[in-house]
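Engineer: this one's sequence-less:
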């Protein structure tokens, strides 16, 4: 078959290794095929779903020879052509973690030239939870549902089409208690259910072209409601999460780890990796509502300083509120690559981006005077930090860098940038913070090489 010839609708394939993105790799007449709903070593019949010049995409619709790691998907909405939220429901949990480890290893080797054995660790469900769901299920504390004609569902893979659902098995029990999927939402285009994994706070965020026309049904439990996109600076309903004895407020759809055990685990892991000392200066980049800044501030003590940097205005307001009792914390607002450049080159900026109010917690004005940091933690979005930000961070950091990432590809790319600037990967941990999906959380610790 040449590139110009159409592929058959159904292919019989020998499935090879796992690939980043929830696929396995096969070949048909020399052409690469990325296959979903398959496992390495299987023989399958797969329906072609997409054709490009260089490769095909396909869904395994019949398993001729099954892997010993294959299990029946627990969710009735999982499978070829169905809900696209989960990638590995057909694999046992140990096999899922092995697949994710293989992806991280391959990305490190291919993009950063790093050869390393990776073990993906389980993220324990909090021991004090009132309800402990089955392993791998019931962990997602934030679920974005799509709405079509008032009916609720989840997007199909690589599609705007909606798979109607009446229950999501990876949703936290607190989200399911609301009954979102079993109601109708006329006028809405999306409904996000949010529950705190530690306090039980509940929040529903509505999306739609005209928020005044969204009809909100009576839910099964009381919730706080955010209707439409709020005005900038508006006080939003929030949920509260507890980590290391401190409460963090997260307003609206603000970022927080979705697995109820992930925030505490990552906070502990970052402290273990960085080994902060009293008097240290630390940067918390892409700090969100201040999770890592809060735990670092306790370790560096009153003679130390933690500077958090975040671009989202609502997250900055939350961070300043959450850390208001810590005089050794400064929260700077602005794009990380711009703020770290100002810090590195000593450009004190009196604009609203870095202006803080004096008077205690998260209002420390020392941030704009920092020229060097002993420690840096960064937790960028899925797109990673990028070359420019890495260059500034590499020059600012003194002793150690902890890089938290939810995307192995952009993590590996940025580790290559750090290597070019003289930083070496000391250790790497990976966490299964998103069971049943392709996603994995990583923590890379770097030291000056």
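Structural biologist: Ah, there it is. Treat the numbers as computed from the prediction; the structure is a model and nothing was measured.
Engineer: Surely residue 105 is in a helix?
Structural biologist: Yes - judged by DSSP: H, G, I helix; E, B strand; the rest coil, residue 105 forms part of a helix.
Engineer: Contacts only, for it.
Structural biologist: Residue 105 makes contacts with 116, 117, 118, as judged by C-beta atoms under 8 Å, 6 or more residues apart in numbering. Every residue, glycine included, has its C-beta placed from N, CA and C.
Engineer: How is the protein divided into domains?
Structural biologist: Per automatic domain parsing, the structural domains of the chain span 10-77, 142-237, 261-448.
Engineer: Return the set of buried residues in stretch 26-37.
Structural biologist: 26, 28, 31, 33, 34, 35, 36, 37 (16 or more other C-beta atoms under 10 Å).
Engineer: Averaged pLDDT, that stretch. What do you get?
Structural biologist: The average pLDDT for stretch 26-37 rounds to 96.
Engineer: Which members of the buried residues of stretch 26-37 are the farthest-apart pair?
Structural biologist: 31 and 37 (19.4 Å; C-beta to C-beta).
Engineer: State the distance spanning the first to the last residue of stretch 171-188.
Structural biologist: End-to-end distance for stretch 171-188: 20 Å, by C-alpha to C-alpha, to the nearest Å.
Engineer: Can you give the distance from it to the centre of its chain?
Structural biologist: The chain centre lies 22 Å from the centre of stretch 171-188; the measure is C-alpha atoms, centre = their mean, to the nearest Å.
Engineer: Touching, residue 8 and residue 46? I think so.
Structural biologist: No - using C-beta atoms under 8 Å as the test, residue 8 is too far from residue 46 to be in contact (10.2 Å).
Engineer: the strands in the stretch 51-200 of the chain, which residues?
Structural biologist: Along the stretch 51-200 of the chain, the stretches classed as strands by DSSP state E, counting those that start in this stretch are 55-65, 120-122, 142-148, 151-155, 162-164, 190-195.
Engineer: Just the buried residues of the helix or strand following the last one, please?
Structural biologist: Remark: after strand 190-195, the chain's next helix or strand is strand 202-207, criterion DSSP states H and E. Counting neighbours by 16+ other C-beta under 10 Å, one finds that the buried residues in strand 202-207 are 202, 203, 204, 205, 206, 207.
Engineer: Partner strands of strand 202-207 and their direction?
Structural biologist: strand 190-195 (antiparallel), strand 224-227 (parallel) (DSSP bridges).
Engineer: lowest-confidence stretch among those strands?
Structural biologist: Ranked by mean pLDDT, the strands paired with strand 202-207 end with strand 224-227 at the bottom, a mean of 93.
Engineer: ok, residues contacting that strand?
Structural biologist: Contacts to strand 224-227, defined as C-beta under 8 Å, 6+ apart, come from residues 201-206, 211, 214, 216, 236-239, 252-253.
Engineer: Then stretch 26-41?
Structural biologist: 1, 3, 7, 11, 13-19, 21-25, 44, 46, 48, 54-61, 63, 66-67, 69-70, 79-80, 87, 90-91, 95, 99, 157.
Engineer: gap between that stretch and the chain center?
Structural biologist: Distance, centroid of stretch 26-41 to centroid of chain: 27 Å (C-alpha atoms, centre = their mean).
Engineer: got the end-to-end distance for it?
Structural biologist: One end of stretch 26-41 sits 10 Å from the other (C-alpha to C-alpha).
Engineer: Repeat that for stretch 177-185.
Structural biologist: Stretch 177-185 end-to-end distance (C-alpha to C-alpha) = 17 Å.
Engineer: Repeat that for stretch 81-99.
Structural biologist: First-to-last residue span, stretch 81-99, C-alpha to C-alpha: 22 Å.
Engineer: and if you look at stretch 110-129?
Structural biologist: End-to-end distance of stretch 110-129: 40 Å, with C-alpha to C-alpha as the criterion.
Engineer: can you confirm residue 391 is in a helix?
Structural biologist: Yes - assessed by three-state DSSP, residue 391 belongs to a helix.
Engineer: quick one on the thing from earlier: of the domains of the chain, which is nearest residue 112?
Structural biologist: Of all these, domain 261-448 comes closest under C-beta to C-beta, at 4.3 Å.
Engineer: what's the model's confidence in the closest one, averaged?
Structural biologist: In this model, domain 261-448 has an average pLDDT of 90.
Engineer: try stretch 164-174
Structural biologist: For stretch 164-174, the per-residue pLDDT averages 97.
Engineer: Which positions within that stretch qualify as buried?
Structural biologist: Using 16+ other C-beta under 10 Å as the test for burial, stretch 164-174 gives 165, 168, 169, 170, 171, 172, 173, 174.
Engineer: Please name the nearest non-neighbouring residue to the second one.
Structural biologist: The shortest distance from residue 168 to any residue other than its chain neighbours is 6.0 Å, reached at residue 143 (C-beta to C-beta, 6 or more residues apart in numbering).
Engineer: who touches the one you found in this structure?
Structural biologist: 168, 171, 172, 175, 180, 192, 193.
Engineer: What strand or helix carries the nearest residue to residue 387 once chain neighbours are set aside?
Structural biologist: Leaving out its chain neighbours, the residue that sits closest to residue 387 by C-beta to C-beta, 6+ apart is residue 417, at 5.3 Å. Secondary structure assigned from DSSP H and E places residue 417 in helix 408-420.
Engineer: What helices and strands are in contact with that helix?
Structural biologist: Judged by 3 or more C-beta pairs under 8 Å, 6 or more residues apart in numbering; DSSP states H and E, helix 408-420 is in contact with helix 93-107, helix 387-396, strand 397-405, strand 441-448.
Engineer: buried set for the shortest one?
Structural biologist: Think strand 441-448. 441, 442, 443, 444, 445, 446.
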